Structure formats: C-alpha cells, structure tokens
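In: with the sequence up front, the predicted model follows.
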Amino acid sequence: RPLILKRAKHCCEFCNAENYKPHPITKSKVILTIIHLDHNVKNNDFSNLKAACQKCHLNHDLEYHKKNAAITRRKKKN
C-alpha cells in the first residue's frame with residue numbers, strides 16, 4: 001500500500017483526486033484505496049494495483065459487481 005500511494009503521489013490514479021482532501025466532484029473527503037485492476041485479490045503484482053478514490057473504485061468495480069449479482073440471483077432461483 002505505501003509503495004502504491006507513493007507512486008500515485010497520494011492522488012487517485014484515475015481522476016487525480018488528492019488523498020484526505022475534498023473530492024473535486026463529490027466534495028466528500030477522499031480516502032484512497034488500493035484496487036486490483038483484474039479483480040483478482042491474489043494478483044498483487046505492482047502493475048495490477050492502483051490507488052483509487054471511492055468514486056473511481058466504485059466505477060471500476062461496477063461491471064464486476066453487476067456480473068456477480070446476476071450470478072447470485074440465478075443461484076437463488078435454483
């Protein structure tokens with residue numbers, strides 16, 4: 001985590017929002033998280049990790065969550 005934040009200069013690597021400052025769009029306090037670009041939590045290769053604000057993290061995960069939610073709904077029907 002510290003190396004990723006340092007590489008990102010403590011800013012979101014998608015929208016450049018600064019850590020612990022108000023987000024330029026949402027105005028909420030930015031707390032950067034580290035995301036796995038391929039959604040594989042076991043793949044901790046430096047190139048697979050990025051610093052992201054909450055907004056960008058949610059946007060990045062949106063399609064992945066939609067897909068998993070659909071799978072879960074199908075399983076509940078069976």
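Out: Looks like it came in fine. Everything numeric in this text was worked out from a predicted model, so none of it was measured.
In: residues of the helix or strand harbouring residue 60 that come out buried?
Out: Per DSSP states H and E: residue 60 is located in helix 54-77. Applying a neighbour-count criterion of 16 or more other CB atoms under 10 Å, one finds 54-57, 60 buried in helix 54-77. Heads up, the C-betas are built off the backbone N, CA and C, glycines and all.
In: kindly report the same for stretch 15-31.
Out: Within stretch 15-31, judged by 16+ other CB under 10 Å, the buried ones are 17, 19, 23, 30.
In: quick one: low-confidence parts of the chain?
Out: 68, 70-71, 78 (pLDDT under 70).
In: point to the residue nearest the middle of the chain.
Out: residue 57 (2.7 Å; CA atoms, centre = their mean).
In: quick one: that residue and residue 31 touch, right?
Out: No - between residue 57 and residue 31 there is no contact under CB atoms under 8 Å: 10.0 Å.
In: how near is residue 13 to residue 75?
Out: Distance of residue 13 to residue 75, given as CB to CB, to the nearest Å: 34 Å.
In: how about residue 30?
Out: 36 Å.
In: also residue 15?
Out: 35 Å.
In: same question, residue 10
Out: Distance of residue 10 to residue 75, given as CB to CB: 40 Å.
In: for residue 20, same thing?
Out: Distance from residue 20 to residue 75, by CB to CB: 40 Å.
In: repeat for residue 52
Out: 29 Å.
In: related to what we said a few turns ago, reformat the buried residues of helix 54-77 as TSV; add distance to residue 39.
Out: Listed next are these as TSV, based on distance: CB to CB, whole Å:
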residue	distance to residue 39
54	17
55	18
56	15
57	12
60	9
